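Asks: Next input, structure requested:
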Amino acid sequence: MRASPRFVRTATLWTVGVMASSCQWAFPLDTFDSQPAGVCPASGPWLCDDFEHGLDATKWSIMNQKGGTLGLTSQAQDAVHVHRGNASLHVSFQLPSATPEVDLVHAGLIPSSLYARVFVYVPASLPPIASPFIVTMQDAAPYQGVQLSTVASGTAASLRMTDWGNTPSYNATSQSNFPVEQWVCLEWNVDSTTGSARVWVNGTEVTDLRASGLVTPPYGWLKLGQIGNQIAATGSFDLWMDDFYADTAPVGCSK
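Replies: From the prediction side, this is the model:
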């Protein structure tokens, strides 16, 4: 059984511990005490998190911290890496690891047609490996799933979609460059009824990642972070995510 996060409020930090691993959510307490309105309405979307209030234990658990850490970047600390409001989710690989995996997981039956929108800040210094950052997958064997990754493409970056439920695994890499060193609105639709998937970047569909005929069983996990345990990391890498919004209908970039 997966342990639930436990929160300890210290003099200057939120500390989150899960199982044997822990991380510190470095966020000044005074900014927690006077939050502006975030992007998440009180009711409506299937899942929403603007990361303004630390890790919400009703939505996420920290599943893995192998080779890296999860934390918050605050507006006061680093305004460039906060999309909106006072905080963003910061995922960091500090050291090479044989099985790098640093992720949040939302457990529960995923809607048969899920639209997941997140703002992503990808640095130009991508590692020479595929770096998955959003995944829908089964919560039990055989753990089939679909993921989106960033991959280095010369001096640029590209998006890759993988469905490892197919035999052989379905892999498609976009021929379009993915914007780096800026906030990007990324939306992803996975439909387990039709076995299809689509991706939009800044509101425009990435047509060469439109997929059909995928093996898409009902999913029980939605993951955010760096889910790279299939391959070894080769150095440090940082990624920022903000204003996550998931629903059963298209979300767009304005919410």
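
Asks: tally of neighbours for the closest residue in space to residue 138 that isn't next to it in sequence?
Replies: Spatial nearest neighbour of residue 138, chain neighbours left out: residue 144 (5.3 Å); criterion: Cβ to Cβ, 6 or more residues apart in numbering. In this view, the C-beta of every residue, glycine as well, is placed from N, C-alpha and C. Residues contacting residue 144 under the criterion other Cβ atoms under 10 Å number 18.

Asks: Also residue 102?
Replies: Residues near residue 102, counting by other Cβ under 10 Å, number 27.

Asks: that older thread, now the residue nearest to residue 138: how far from residue 200?
Replies: 24 Å (Cβ to Cβ, to the nearest Å).

Asks: any idea which residue sits dead centre in this protein?
Replies: Per Cα atoms, centre = their mean, the C-alpha nearest to the average position across the chain is that of residue 224, at 2.6 Å.

Asks: can you confirm that residue is in a strand?
Replies: Yes - assignment of residue 224 by DSSP: H, G, I helix; E, B strand; the rest coil places it within a strand.

Asks: give me the element the residue nearest to it when sequence neighbours are not counted is part of.
Replies: Ranked by Cβ to Cβ, 6+ apart and with sequence neighbours excluded, the top spatial neighbour of residue 224 is residue 104, at 4.9 Å. Element membership for residue 104 (DSSP states H and E) is strand 101-107.

Asks: Where does the prediction get shaky in the chain?
Replies: The chain contains residues with pLDDT under 70 at 1-38, 64, 94-100, 127-130, 154-155, 167, 227-235.

Asks: quick one: the longest strand belonging to it to strand 101-107, angle?
Replies: Secondary structure of the chain per DSSP state E: the longest strand is strand 237-247. Between the axes of strand 237-247 and strand 101-107, defined by axes from the mean of the first three to the mean of the last three Cα atoms, to 10 degrees, the angle is 10 degrees.

Asks: Show me what the helix or strand encompassing residue 65 pairs with in its sheet, parallel or antiparallel.
Replies: Under the criterion of DSSP H and E, residue 65 resides in strand 61-66. Strand pairing for strand 61-66, using DSSP bridges, gives strand 101-107 (antiparallel).

Asks: What's the first helix or strand after the strand it pairs with?
Replies: The first helix or strand that comes after strand 101-107 along the chain, using DSSP H and E, is strand 113-121.

Asks: related to what we said a few turns ago, give me the buried positions along the strand holding residue 104.
Replies: 101, 102, 103, 104, 105, 106 (16 or more other Cβ atoms under 10 Å).

Asks: surely the fifth one meets residue 219?
Replies: No - contact between residue 105 and residue 219 fails when scored by Cβ atoms under 8 Å: they sit 11.4 Å apart.

Asks: roughly how far is stretch 44-64 from the heart of the chain?
Replies: Computed by Cα atoms, centre = their mean, to the nearest Å, the chain-centroid distance of stretch 44-64 equals 11 Å.

Asks: residues in contact with the residue nearest to residue 138?
Replies: 137, 138, 163, 164, 165, 215, 216, 217 (Cβ atoms under 8 Å, 6 or more residues apart in numbering).

Asks: Top of those by number of neighbours, please.
Replies: In the contacts of residue 144, the most neighbours by other Cβ under 10 Å go to residue 216, 23 neighbours.

Asks: burial measure for the closest residue to that residue other than its chain neighbours, as a count.
Replies: Excluding its sequence neighbours, the residue lying closest to residue 216 (Cβ to Cβ, 6+ apart) is residue 192, at 4.0 Å. Number of residues near residue 192 (other Cβ under 10 Å) recorded here: 20.
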